[in-house]
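Chemist: what shape does this take:
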Amino acid sequence: MRMKLNRSSQLILVSAASLLAAGTITACSTLTADFVYVTSALAAGSNQYGEVDVFEVNSDSGRMRQIPASPFPSGGRNPVADAPAPDNASLYVVNEDDNSIVQFIIGNDGKLYPNSTVNTPGVFPFAITIASGSKLLYVLDAYQPLPTCSSASPCSGSVGVYPINKDDTLGSPSVNTAVGASYWPLILPSNPTHVMTPTGITTAASGAYLYVSAYDSTTSGGYIFGFTANPDGTLTPLNGGVPFPAGTKPSSLAASSTGPYVYATDEASGTVLGFQQTNGILSPLSGSPYPSGNAPVAVVLDATGKFAYVANSLDANVTAFTINNGALTRVAAYTTGTQPVAIGIDPSRNQYLYTANFLGGNVSGFQINPTDGTLLISQFSPFKSNAQPTAVAAIPHRLPNK
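Modeler: Numbers count the residues shown, from 1 in each chain. All right, here's what the predicted structure looks like:
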């Protein structure tokens, strides 16, 4: 965290009290492992924008506290997702009710500065992902941009793709020549009129494949749509456009960074579905699905690929799993705040886990045991956020001039 002193403050730095304060500043800089960004959907301020809480994570204890300037306006209404740019110098925030993605520049002290805004190709964006090492941002819209689509008359969802420029602004969205527009619709080939409701999005570790979870709201049944993610930003449907069966109501997705595995939570059945990926094609893992809890809605894997953690929204807890050749083995469940809806792990040390608890209005923090994946609640957890937190994202703390 970088602090600035005004001239009058500088004049009294010789005092013992000021020397102590200076030492505190140095300690703050060295002990902050990560900055965590939590979007909160409840409207605030005269413009009715949502907000983004910025927490600094203590590297010794995992304790989270909001930086002095927090929260920041989200730049739109109903922020529901956020993700850092590949260089960790910007944060992208999705405002669902404004159909927008706002790019914020991140200061060395974690503060946010709005820089640019784009509107998404579809209607009601609610999730984004960026492949590791990629310069492409993928956004998931609830509806395609068709004149017949609305909340009263829903249609299937779609995916949009944005190139990320050198300054982290977003370029013009890629064009799907098959529809002559900047989106890829989620269509069930066997029943093209059925409404496919998207729920989650992720990329394979290589960045070569994109996956979208969805369920058929016209009848029933869950699916994962697969695409080849081409370097030019276009998408090519895998498996001839036929999605892979995925339980009843898949609600979120995560891919391993160390192996060919993809996982989907199934909100309806209270399980986690595991898949092995071969040239983009998904096949169920042995033992899948794996029991988790009531209404699992978010899943995250640690950086080593040894552990998986699932937020169960109705149980208000997190289920921990170990991973062996892709298969999940349940470790234990750990209590969170009320209705966890998002989950993340600190990128600096792969040591701390946190959940955004929608009805609790707070963030729960845990320390990960690197040997067995068990969790230990962090000091003073849960940590108060603004009302209705919806998403979490984090970057490693960057010291000034580094």
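
Chemist: now do the buried residues in stretch 265-275.
Modeler: Of the residues in stretch 265-275, those buried by neighbour count under the rule 16 or more other Cβ atoms under 10 Å are 265, 266, 267, 269, 270, 271, 272, 273, 274, 275. From N, CA and C alone the C-beta is placed, and that goes for glycine too.

Chemist: closest one of those residues to residue 47?
Modeler: Distance to residue 47 across the buried residues of stretch 265-275 (Cβ to Cβ) is lowest for residue 267, with 32.9 Å.

Chemist: correct me, but the closest one touches residue 251?
Modeler: Yes - under the criterion of Cβ atoms under 8 Å, residue 267 is in contact with residue 251, at a separation of 3.9 Å.

Chemist: identify the contacts common to these two.
Modeler: By Cβ atoms under 8 Å, 6 or more residues apart in numbering, residue 267 and residue 251 have these common neighbours: 295, 296, 297.

Chemist: ok, then the element right after the helix or strand that contains the last one?
Modeler: What it means is residue 297. When secondary structure is defined using DSSP states H and E, the element that contains residue 297 is strand 296-301. Using DSSP H and E, the helix or strand that follows strand 296-301 in sequence is strand 307-312.

Chemist: what is the orientation angle of the helix or strand following that next one with strand 296-301?
Modeler: Proceeding N to C from strand 307-312, the next assigned helix or strand is strand 317-324, under DSSP H and E. For strand 317-324 against strand 296-301, the angle by axes from the mean of the first three to the mean of the last three Cα atoms, to 10 degrees is 40 degrees.

Chemist: check which helices and strands strand 317-324 sits against.
Modeler: With contacts defined as 3 or more Cβ pairs under 8 Å, 6 or more residues apart in numbering; DSSP states H and E, the packing partners of strand 317-324 are strand 307-312, strand 327-335, strand 340-345.

Chemist: could you list the buried residues of the first one?
Modeler: To tie it back to what came earlier, the one meant is strand 307-312. Counting neighbours by 16+ other Cβ under 10 Å, one finds that the buried residues in strand 307-312 are 307, 308, 309, 310, 311, 312.

Chemist: equivalent analysis for the second one, please.
Modeler: For strand 327-335, the buried set under the neighbour-count rule, 16+ other Cβ under 10 Å, comprises 328, 330, 331, 333, 334.

Chemist: equivalent analysis for stretch 228-240, please.
Modeler: Buried positions in stretch 228-240, judged by neighbour count with 16+ other Cβ under 10 Å: 229, 233, 234, 235, 237, 238.

Chemist: check stretch 344-353 too.
Modeler: Residues of stretch 344-353 classed as buried by neighbour count (16+ other Cβ under 10 Å): 344, 345, 346, 347, 348, 349, 351, 352, 353.

Chemist: now swap in stretch 352-364 and tell me
Modeler: By 16+ other Cβ under 10 Å, the buried positions in stretch 352-364 come out as 352, 353, 354, 355, 356, 357, 358, 360, 361, 362, 363, 364.

Chemist: got the CA coordinates for that stretch in CSV?
Modeler: In CSV, the C-alpha atoms belonging to stretch 352-364 read as follows (Å, rounded to 0.1, in the frame of the first residue of the first chain):
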residue,chain,number,x,y,z
TYR,A,352,-5.9,-18.0,1.5
LEU,A,353,-9.4,-18.7,0.3
TYR,A,354,-12.4,-16.3,0.5
THR,A,355,-16.1,-16.4,-0.3
ALA,A,356,-18.5,-13.6,-1.1
ASN,A,357,-21.6,-14.1,1.0
PHE,A,358,-24.6,-12.5,-0.7
LEU,A,359,-27.2,-12.4,2.2
GLY,A,360,-24.5,-12.2,4.9
GLY,A,361,-23.1,-8.9,3.4
ASN,A,362,-19.6,-10.1,4.2
VAL,A,363,-16.6,-12.0,3.0
SER,A,364,-15.4,-15.2,4.7
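
Chemist: ok, back up a step: what's the closest of the helices and strands packed on strand 317-324 to residue 68?
Modeler: Proximity of those to residue 68 was assessed by Cβ to Cβ; the nearest stretch is strand 340-345, lying at 22.6 Å.

Chemist: quick revisit: tell me the one among the buried residues of stretch 228-240 nearest to residue 44.
Modeler: Distance from residue 44 was checked for each of the buried residues of stretch 228-240 by Cβ to Cβ. The minimum falls on residue 233, at 34.9 Å.

Chemist: show the backbone phi and psi for that closest one.
Modeler: Dihedral pair for residue 233: phi 90, psi 0, per degrees, to the nearest 10.

Chemist: that one and residue 330: what is the separation?
Modeler: As judged by Cβ to Cβ, to the nearest Å, residue 233 and residue 330 stand 39 Å apart.

Chemist: for stretch 242-254, the averaged confidence score.
Modeler: Confidence over stretch 242-254 (mean pLDDT, whole number) is 97.

Chemist: what are the boundaries of the helices in the protein?
Modeler: For the chain, helices defined by DSSP state H occupy the ranges 7-11, 16-31.

Chemist: and the residue nearest to residue 69 when sequence neighbours are not counted, how many residues sit next to it?
Modeler: Excluding the flanking residues, the one nearest residue 69 by Cβ to Cβ, 6 or more residues apart in numbering is residue 111, at 5.4 Å. For residue 111, the count of nearby residues is 18 (other Cβ atoms under 10 Å).

Chemist: measure residue 111 to residue 35 for me?
Modeler: According to Cβ to Cβ, residue 111 stands 9 Å off from residue 35.
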